[in-house]
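J.: Below is the sequence, then the predicted model.
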Amino acid sequence: MKAWLRNGDVVSGLVLATLGAFILQQALGWDYLTPDGPGAGFFPRWYGVAMLILSLVQVVRSLRAPAAQSAHEGSSRRALICWGALVGCVLLMKWLGFLASVALLCWFLATVLFERRHGPAIAFALVAAIGFWLLFDVALGVSLPRGPWGI
Amino acid sequence: MDIAAGLAQGFAVAVQPLNLWWCFVGVFIGTVVGVLPGLGPPATIAMLLPLTHGMSPASAMIMLAGIYYGAKYGGSTTSILMNMPGESSSVITCLDGYAMARQGRAGAALGLAAIASFIAGTVGVVGLMLVAPPLAKLSLAFSSPEYFALMALGLSMVVLLAGASLVKALLAMLVGLWIAGMGTDLFSATSRFTFGRAELLGGIDFTIVAIGVFAIGEVLASVERQGSGQLQPVPRGLRNLLPTRQDLKESRFAFAQGSIVGFLVGVLPGAGSTIASLLSYGIEKAVSKHPEAFGTGVPEGVAAPEGANNSETGGALVPLLTLGIPGSATTAILLAALILWGLRPGPLFIEEQPALFWGLVASMYIGNLMLLVLNLPLVPLFAQLLRLPAHALLPLILGVSLVGVMAVSATVFAGLLVAVFGLAGWLMKRLDYPAAPLVLGLVLGDPMERALRQSLMMSQGDLSILVSRPISAVVLALAALVLLVPFARRLNAMRMRAVES
């Protein structure tokens, strides 16, 4: 992989430059000024231009600066696994409901990320789900997505 | 309404049993959040904000403010016992607080921190009560151009909230402005940045962004860090938690200095409680007869910063409530909360919502007293939270975050959005993009655009309306001055380098 691709500042700068260009392109399609004053494109045009310029400044600066070794390399996998589990939990909510999905999330994180044994992890997941149900559903009346078993 | 009458009305609101309960809940949660490293008030308030929809604005504000100032009390516990700040504003307390704990004086350090927090927290509320009403009266003449200028001043605070890179802070703010602009434009009914999704026609709820960036982003960062510290023993019994008479004597100037410095720094938007505590510690060391002893466990080294970071809270509420300018991520979320409840923080706030303003002030007196009681005898109990394993704590935070999102919008789309913002929050942390400017842009973007467009409609497109009105011109000049701060810093650094060479 090319060295600059591993530089987060360059990549984030490029992503934001693309976003700035997108905002600008969209804003150009809306009214800039109308007889009543500024139109829908007035404000986005300005912050789109600013984002494009600043992100390019960011990219140039980062390319000129000596590449810094990331201090996080080894463990970002854990964060991504956790994030993937969260996305999975959200997708499962439609079928399993909130409590079962969150219980699965708790069990998964405890066993896979924190390497706990299955027994204690399942117990923790069940206690957490019951706690969520009692506190938020029963006591506070928050309307949480329900599963096929009604909770 | 004069201050005495206002305060009487405020206490009538604050002592209602329900409000006393929410005040207790707020300060209790705040203390817990302060003790737990990583989970800060912005994340907690964002997670709990959707749950306040059924509450009256006064009760909700009393609870959320309780979390805000309660966290400042709790933050010192982790600094003193683990040498790890529970809150960023308690980072400097690690120096002398942990040193005292290692000398077997953890009880005295915790007691000093609680007493300093109580004194300074109360001074901060007195300051808020005395400064906010006259400032609000001064700004009653505001119209759209002045509001635009105020929003511009608020956004210019980004330069003060920026970390190592001003460019990154500005980019984060611009992303906030972009998110704020999503949805249907109320002036022209144009759909902006909705990507053809009906769910985005009403824009993205602020809570979803805040929960994602702060709470989930923080969980992902914690999972990545896997850090742990060693907990110093906590003395049991109130007697062992009280500082000696000598400690109190040595800290008396620190109590006063921390209270005043903290409040003044708090009134300046953008400075924040970390700067308040660092500044107060620096002043205390500079005027001390034994500056060389700082860092080895002197009581003033705990009392000054802990006082300053509590007094700062009262100061920070002054620009928030009277001008509608948030100076930090937490106050930006509180501003969003007030807007969500249909209130208008700004010059008319105290006049339009006297019961809420004075009720909040009175509840802060009561809350500080509750915190003193909670933090002296119950410190050993709160310290046990530090033994809570990450494998239990982090999934629970994710679960509470999801409850917060589902309370706003019980859809898979909202859940996925919060996950996306969580990933963005984590990446921002990794790449050193500060989150506070994003929140500032998000909160101020919409009212700023509206004020600008209303101003230009008033002047039929003539931009000079923004500088031809005296208040607007002065506020815009102030914003320009704030924007020059980084250049002044750079010039000073160049001057220092020249002097050194």
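T.: Sure thing, it's come through.

J.: Name all residues that make contact with the residue in the stretch 401-501 of chain B positioned nearest to chain A.
T.: Residue of the stretch 401-501 of chain B nearest chain A, by Cβ to the nearest Cβ: B:Gly415 (3.4 Å). No exception for glycine: its C-beta is placed from N, CA and C like everyone else's. By Cβ atoms under 8 Å, 6 or more residues apart in numbering or on different chains, B:Gly415 lies in contact with A:Val90, A:Met93, B:Leu402, B:Val405, B:Met406.

J.: neighbours around the residue of the stretch 1-150 of chain B found nearest chain A, how many?
T.: When scored by Cβ to the nearest Cβ, the stretch 1-150 of chain B has B:Leu51 as its residue closest to chain A, at 6.1 Å. Residues within reach of B:Leu51, counting by other Cβ atoms under 10 Å in any protein chain shown, total 19.

J.: which residues touch it?
T.: Contacts of B:Leu51 (Cβ under 8 Å, 6+ apart): A:Phe136, A:Leu140, A:Val142, B:Val403, B:Gly404, B:Ala407.

J.: I would like a ChimeraX command selecting only the buried ones among those residues, please.
T.: Applying 16 or more other Cβ atoms under 10 Å in any protein chain shown to those, the buried members can be selected in ChimeraX as follows:
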select /A:136,142 /B:403,404,407
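
J.: Which strands border the least confident helix or strand in chain A by mean pLDDT, and is each parallel or antiparallel?
T.: When each helix and strand of chain A is scored by mean pLDDT, DSSP states H and E, strand A:37-38 comes last, with a mean of 82. Each strand paired with strand A:37-38, and its direction, by DSSP bridges: strand A:33-34 (antiparallel).

J.: ok, the residue located most distally from the centre of chain A to chain B distance?
T.: Within chain A, the residue lying farthest from the chain centre (Cα atoms, centre = their mean) is A:Pro35, at 40.3 Å. A:Pro35 sits 9 Å away from chain B, going by Cβ to the nearest Cβ, to the nearest Å.

J.: which ones are touching that residue?
T.: A:Pro35 neighbours (Cβ under 8 Å, 6+ apart): none.

J.: what's it sitting at in phi/psi?
T.: Per-residue torsions, A:Pro35: phi -60, psi -20 (degrees, to the nearest 10).

J.: Let me see the contact set for the residue nearest the centre of chain A.
T.: In chain A, the centroid-proximal residue (Cα atoms, centre = their mean) is A:Trp83; its distance is 7.9 Å. For A:Trp83, the contacting residues are B:Leu220, B:Ala419, B:Gly422, B:Leu423, B:Trp426, by Cβ under 8 Å, 6+ apart.

J.: So the fourth one: helix, strand or coil?
T.: Counting by DSSP: H, G, I helix; E, B strand; the rest coil, the backbone at B:Leu423 sits in helix.

J.: so who does it touch?
T.: B:Leu423 touches A:Trp83, B:Gly217, B:Leu220, counting by Cβ under 8 Å, 6+ apart.

J.: Likewise for the third one?
T.: Neighbour list for B:Gly422: A:Trp83, A:Leu86, B:Ile211, B:Gly212, B:Val213, B:Ala215, B:Ile216, B:Gly217, B:Val219, B:Leu220, B:Ser401 [criterion: Cβ under 8 Å, 6+ apart].

J.: Now it. Nearest residue, chain neighbours left out?
T.: Counting by Cβ to Cβ, 6 or more residues apart in numbering or on different chains, B:Ile216 is the residue found nearest to B:Gly422 once chain neighbours are left out, at 2.8 Å.

J.: How about the first one?
T.: Spatially, and ignoring its direct neighbours in sequence, B:Leu220 is nearest to B:Trp426 (3.8 Å; Cβ to Cβ, 6+ apart).

J.: any idea which helix or strand carries the one you found?
T.: helix B:412-430 (DSSP states H and E).

J.: Is chain A within reach of the helix or strand just after that helix?
T.: Counting by DSSP H and E, the element after helix B:412-430 in chain order, helix or strand, is helix B:435-458. Yes: Helix B:435-458 comes into contact with chain A (Cβ under 8 Å from any Cβ of the partner chain), by way of B:Glu449, B:Leu452, B:Arg453, B:Gln454, B:Leu456, B:Met457.
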